[in-house]
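Chemist: Any chance you can model this:
(chains A, B and C)
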Amino acid sequence: MNYDKPNYFDLVYQVVREIPKGRVTSYGAIAHYLGLKSGARMVGYAMSASHGLPDVPAQRVVNRQGLLTGRHHFSTPTLMQELLESDGVKVENDQVVDFEKVFWDPEKELGI
DNA sequence: GAGCTGACGAACA
DNA sequence: CTGTTCGCCAGCT
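Modeler: Numbering: from 1, shown residues only, chains lettered A, B, ... in the order given. Below is the predicted model of the structure:
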């Protein structure tokens, strides 16, 4: 019958696309928003597969510690920080400054 | 066609 | 307190 295959990667892309400028979120936050409690990995893997998607600001997605863990996946290891600073997000030592202040929670902003 | 790898996070010992 | 283990799925070789 209608075997809906939950395209987790695609779901992640849609949430990431909704991240407003000057804000960042975490893999776990997106995963939890999608109902994937332990699916933080899925979000990270999805970003890896999002290479080539212009509407997926992967630089706005960081790990729970606010660290730019995925910076090495960009064209240049500093591009991620450049993009974040361009959005008004301060980055220092590969970590987002005032991470909790610029943190964007999809459950709170978009609503569950 | 099958196996390995990979941008995390939380729970447990 | 720290270290380790489990869970989850798709893409690539």
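Chemist: pLDDT below threshold where in chain A?
Modeler: A:1-5 (pLDDT under 70).
Chemist: Now do the strands in it.
Modeler: Using DSSP state E, the strands found in chain A span residues A:25-26, A:61-62, A:91-92, A:95-96.
Chemist: Which residues of chain A lie near DNA strand B?
Modeler: A:26-28, A:31, A:37-38, A:40-41, A:43-48, A:50-51, A:58, A:61, A:63-65, A:69-74 (CB under 7 Å from any atom of the strand). Every residue, glycine included, has its C-beta placed from N, CA and C.
Chemist: List buried residues within those residues.
Modeler: By neighbour count, with 16 or more other CB atoms under 10 Å, the residues of chain A next to DNA strand B hold A:26-28, A:31, A:40, A:43-44, A:46-47, A:50, A:58, A:61, A:63, A:69-71, A:74 as buried.
Chemist: so of those, which ones are in helices?
Modeler: Applying DSSP state H to those, the entries found in helices are A:27, A:28, A:31, A:40, A:43, A:44, A:46, A:47.
Chemist: Can you tell me which of these lies closest to DNA strand B?
Modeler: Nearest to DNA strand B among these is residue A:47, at 1.7 Å by CB to the nearest atom of the strand.
Chemist: check contacts around the closest residue to residue A:74 other than its chain neighbours.
Modeler: Among residues not flanking residue A:74 along the chain, residue A:80 sits closest, at 5.0 Å (CB to CB, 6 or more residues apart in numbering). Shown in contact with residue A:80 (CB atoms under 8 Å, 6 or more residues apart in numbering): A:58, A:59, A:68, A:70, A:71, A:74.
Chemist: Please list all residues in contact with the fifth one.
Modeler: Residue A:71 sits next to A:77, A:78, A:79, A:80, A:81, A:94 when contact means CB under 8 Å, 6+ apart.
Chemist: if I look at it, how far off is DNA strand C?
Modeler: Residue A:71 sits at a distance of 20 Å from DNA strand C (criterion: CB to the nearest atom of the strand, to the nearest Å).
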